[in-house]
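Trainee: Quick one, structure for this:
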Amino acid sequence: MLNRFRGIMVCMLILCGGSAAFGEEGAGTSRFLFLPFDSSAAGKYAYLADGVHSMLASRLAAKSGVKLVDSSVHAMDLKQLETTGGDRQQAAAVFARLQTDFLVSGAVYATDSGLNVQAVVSSAESTVEPRSFTTVAEGEDQIISAIGTLADDIVDKVINRQSPESKQIVDAENEGMAGFQTEHPEKQYKKGLYGGGSIVSSEGSEVKVTAKGVKRSATIPVVIVGMDTGDLDGDGVVEIVFVSSTKLQIFRYSESKFEKIGSHSFRPTYKIHAVNVADLDRDGKAEIYISANEQFRVASMILRWSAADGLKVEQDNIPWFLRPLHLPGEGMILAGQMSNSDPATGFVARGIYRLVKNEDGRIHRGAKLPVPVRVNLFDFVWADIDGDGTSELVTIDRNEKILVYDDKSELTWVSEGNYGGSRNYFGPARSEGEGGGSHNVGSVSTTDRDLAFIPTRLVAGDIDGDGRQEVIIGRNKRQTPFFLRNFREYDGGSIACLGWSESSLIEVWATNTIPGYISDYSFMLAKDTGAKTVAEGTKAQLFVGQVPDSTFLGFLAAKESKILVYEIELPEK
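Mentor: Below is the predicted model:
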């Protein structure tokens, strides 16, 4: 009760402090407009979420040269800005009407270490990348000081560093020292100065990982949506399965060569959003699980492949989004999620279920899986990241943050960096949702629909043999602001391996920057692949589906992809 009283008092101080936030605008003033913060994971601090948002605005407005723009009088413009997509001219026109220089969005998380507040500042200048900021208050009595520090950080990094004079000084200093400095390769990697082709052990990591090399397939004349690997015919050789929105293709990679061995085309109205390979019936031959829509109808599919019979459809028109999933204490199961008719939820129903087969082979719903209500089918993986014998739940939220939940479903950690960014989403293509169709639930406008994005693949495994599982995750570099809820574009990316250390996930190793866009990937230890597949001395393989060109304002025009294979050496245990 005392803590709740303190929280209410904090909110009152926050709201009262914000009453003088709207100062007079003068020369050199930076104008900020605050959007509501995401409080879906605020937990016990949910009642403070609005107060924290207002407090940050108030503290920022108290700074010299800062003016707040009243968001309440610009509701329609903000709604339009969310749906402008990649139209820079339209976005610039909306910013002009808003009379603002920066938009501030963010999220509030309740972790076992306190209140975690994350803010993203997006500039009206389309060429300026969004900046992210984080602060943590260990208790309610620390919220005011933590938010004050956050406001100081935003002013220092967003406003003060805008000064042309200070930029010229920094540039001159860098130019003068350029001939005498050689940066650590990891720092060069983080700046994206050289392209994908190697694995870099992160600074401070005790796991030394190297890549013997990377092999690239010839250009494939489709855009990869998803990919996975597995032994489809039980001969000990791994196949590579990838899908575009309407086509499935199978390759073999052996002796550094790619060989196409199968394909299947789907109807033009079909839209695939995920593919997974798993041997759920334990017959030694992996099945192919496709999760897909046909317009507004879920129409997933299970296929099999063999050299003798080619690709065969085992079951189609399955009314569930499908994903093979490792369940702690049991092993691989088939999990599913249903759709609904609500565009505001991205046409995805709440609840993830175990799927089981009847005697006739048809799929039906089993027990509900214990995951947070806002977590969707492809957002999570169970992993024993701390080696205590109990699996944690590692998830990606819609803000592209990693969240770790303990076995009691308590949120323990939130990443500062962004991970899992993807253009892939549930449901029909946006053009169908906006224009109607034979299975439409009614006319759905762009502003009505809230896309439910599917993050890049989460892979868990004890890679270095220390008894703790690591998590492999993609991190496409986002170019569009986070307030564009239905539009995402990326330019370059990498794949990182994260391990648990001192109550947080830290980077163990990562690939160098891979140009373009990472669609999907698969990681396999050599002991789990076929002897004919791996090169001598290789301990693991990382398969990557790459759209080589930048997707920034150009993804819809992309027409080709490549498959990359990293041959990885791991330390002996």
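Trainee: Please enumerate the helices of this protein.
Mentor: Assigned by DSSP state H, the helices in the chain fall at 2-17, 49-61, 75-82, 88-98, 143-154, 164-177, 185-191, 430-435.
Trainee: what residue ranges in the stretch 51-200 of the chain score low on pLDDT?
Mentor: 72-75, 77-88, 91, 126-127, 162-197, 200 (pLDDT under 70).
Trainee: Pretty sure Arg488 sits against Ser422.
Mentor: Yes - using CB atoms under 8 Å, Arg488 is in contact with Ser422, at 7.3 Å. The way it works is simple: take the backbone N, C-alpha and C, and place the C-beta from them, glycine included.
Trainee: Report the set of residues contacting both of those two.
Mentor: Shared contacts of Arg488 and Ser422 (CB atoms under 8 Å, 6 or more residues apart in numbering): Phe453.
Trainee: where's the closest residue to Arg59 other than its chain neighbours relative to Asn418, distance?
Mentor: Spatial nearest neighbour of Arg59, chain neighbours left out: Ala151 (3.8 Å); criterion: CB to CB, 6 or more residues apart in numbering. Using CB to CB, to the nearest Å, we find Ala151 at a distance of 22 Å from Asn418.
Trainee: Compare neighbour counts for the two and give me the winner.
Mentor: With neighbours defined as other CB atoms under 10 Å, Ala151 and Asn418 compare such that Ala151 has more, 23 against 19.
Trainee: so where do the strands sit in the stretch 351-500 of the chain?
Mentor: With DSSP state E, counting those that start in this stretch, the ranges of strands along the stretch 351-500 of the chain come out as 353-357, 363-368, 380-383, 392-396, 402-405, 411-414, 459-461, 470-474, 495-501.
Trainee: Same check on the stretch 201-350 of the chain?
Mentor: Using DSSP E, counting those that start in this stretch, strands in the stretch 201-350 of the chain cover 210-216, 226-230, 239-243, 247-254, 257-265, 270-278, 287-294, 297-298, 300-306, 310-318, 321-327, 331-337.
Trainee: For the fifth one, name the packing helices and strands.
Mentor: Right, strand 257-265. strand 247-254, strand 310-318 (3 or more CB pairs under 8 Å, 6 or more residues apart in numbering; DSSP states H and E).
Trainee: Check the fourth one too.
Mentor: Helices and strands in packing contact with strand 247-254 are listed as strand 239-243, strand 257-265, strand 562-569; criterion 3+ CB pairs under 8 Å, 6+ apart.
Trainee: Repeat that for the second one.
Mentor: For strand 226-230, the packing partners by 3+ CB pairs under 8 Å, 6+ apart come out as strand 239-243, strand 270-278, strand 517-525, strand 540-547.
Trainee: Name the strands paired with the second one and say parallel or antiparallel.
Mentor: Strands flanking strand 270-278 in the sheet, each with its direction: strand 287-294 (antiparallel) (DSSP bridges).
Trainee: what comes up buried for the partner strand?
Mentor: Glu287, Ile288, Tyr289, Ile290, Ser291, Ala292, Asn293, Glu294 (16 or more other CB atoms under 10 Å).
Trainee: what angle do it and strand 310-318 make?
Mentor: Orientation of strand 287-294 against strand 310-318 (axes from the mean of the first three to the mean of the last three CA atoms, to 10 degrees) gives an angle of 50 degrees.
Trainee: Could you give the separation of strand 287-294 from the chain centroid?
Mentor: Strand 287-294 sits 21 Å away from the centroid of its parent chain (CA atoms, centre = their mean, to the nearest Å).
Trainee: Highest mean neighbour count out of the strands of the stretch 201-350 of the chain?
Mentor: With neighbours taken as mean count of other CB atoms under 10 Å, those reach their highest mean count in strand 239-243, at a mean of 26.
Trainee: who's in contact with it?
Mentor: Contacts for strand 239-243 (CB under 8 Å, 6+ apart): 220, 224-233, 248-253, 258, 261, 272, 275, 277, 288, 290, 305, 520, 522, 543, 545, 561, 563.
Trainee: For it, the averaged confidence score.
Mentor: The pLDDT scores in strand 239-243 average 95.
Trainee: residue closest to the middle of this structure?
Mentor: Among the residues of the chain, the one closest to the centroid is Gly420, at 2.1 Å (CA atoms, centre = their mean).
Trainee: for Asn416, what are its contacts?
Mentor: Careful, residue 416 is Glu and not Asn. Gln118, Ser132, Thr134.
Trainee: Next, the contact list for the first one, please.
Mentor: The one in question is Gln118. Contacts of Gln118 by CB under 8 Å, 6+ apart are Gly106, Ala107, Val108, Tyr109, Ser132, Phe133, Thr134, Asn399, Lys401, Val414, Glu416.
Trainee: Please apply the same query to Ala429.
Mentor: By CB under 8 Å, 6+ apart, the residues touching Ala429 are Ser245, Lys271.
Trainee: Go ahead and measure how far stretch 283-296 is from the middle of the chain.
Mentor: Relative to its parent chain, stretch 283-296 has a centroid offset of 22 Å by CA atoms, centre = their mean.
Trainee: Actually, stretch 95-104.
Mentor: On CA atoms, centre = their mean, the centre of stretch 95-104 falls 27 Å from that of its chain.
Trainee: Give the buried residues for that stretch.
Mentor: Buried residues in stretch 95-104, counted by 16+ other CB under 10 Å: Phe95, Leu98, Thr100, Asp101, Phe102, Leu103, Val104.
Trainee: thought the fifth one was touching Val120?
Mentor: In other words, Phe102. No - with contact defined as CB under 8 Å, Phe102 and Val120 do not form a contacting pair (10.2 Å).
Trainee: Figure out which of the helices and strands packed on strand 257-265 is closest to Ile352.
Mentor: Of all the helices and strands packed on strand 257-265, strand 310-318 sits nearest to Ile352, with 15.3 Å by CB to CB.
Trainee: Asn116 - how many residues pack around it?
Mentor: 25.
Trainee: What sits closest to Gly148 if chain neighbours are left out?
Mentor: Arg59 (5.4 Å).
Trainee: residues near that neighbour, how many?
Mentor: Neighbours around Arg59, by other CB under 10 Å: 23.
Trainee: and if you look at the one 5 residues further on?
Mentor: Residue crowding around Ser64 was assessed by other CB under 10 Å; the count is 10.
Trainee: Please apply the same query to the one 4 residues further on.
Mentor: For Leu68, the tally of surrounding residues (other CB under 10 Å) stands at 19.
Trainee: Hmm, Arg59 and it touching each other?
Mentor: No - contact between Leu68 and Arg59 fails when scored by CB under 8 Å: they sit 10.9 Å apart.
Trainee: What is the nearest of the buried residues of stretch 95-104 to Gly493?
Mentor: Distances from Gly493 to those, taken by CB to CB, are shortest for Leu103, at 24.2 Å.
Trainee: I'd like the distance between the nearest residue to that closest one once chain neighbours are set aside and Val237.
Mentor: Once flanking residues are discounted, Leu103 sits nearest to Ser122: 4.7 Å by CB to CB, 6+ apart. Note on Ser122: its distance to Val237, by CB to CB, is 48 Å.
Trainee: Contact partners for Gly65?
Mentor: Counting by CB under 8 Å, 6+ apart, Gly65 has contacts Gly26, Gly28, Thr29, Ser30, Ile159.
Trainee: so the residue nearest to the centre of the chain makes contact with Val459?
Mentor: No - using CB under 8 Å, Gly420 is not in contact with Val459, being 11.6 Å away.
Trainee: Mind listing the shared neighbours of those two?
Mentor: Contact criterion CB under 8 Å, 6+ apart; residues shared by Gly420 and Val459: Ile473.
Trainee: related to what we said a few turns ago, please say which of Ser122 and Val237 ends up with more neighbours.
Mentor: Using other CB under 10 Å as the criterion, Ser122 and Val237 rank with Ser122 on top: 23 against 16.
Trainee: show me the contacts for the more buried one.
Mentor: Counting by CB under 8 Å, 6+ apart, Ser122 makes contact with Phe102, Leu103, Val104, Ser105, Pro130, Pro481, Phe482, Phe483.
Trainee: One more pass at 10 Å, please.
Mentor: 33, 35, 81, 95, 102-105, 128-131, 480-484 (CB atoms under 10 Å, 6 or more residues apart in numbering).
Trainee: Number of residues surrounding Phe523?
Mentor: By the criterion of other CB under 10 Å, Phe523 has 22 neighbours.
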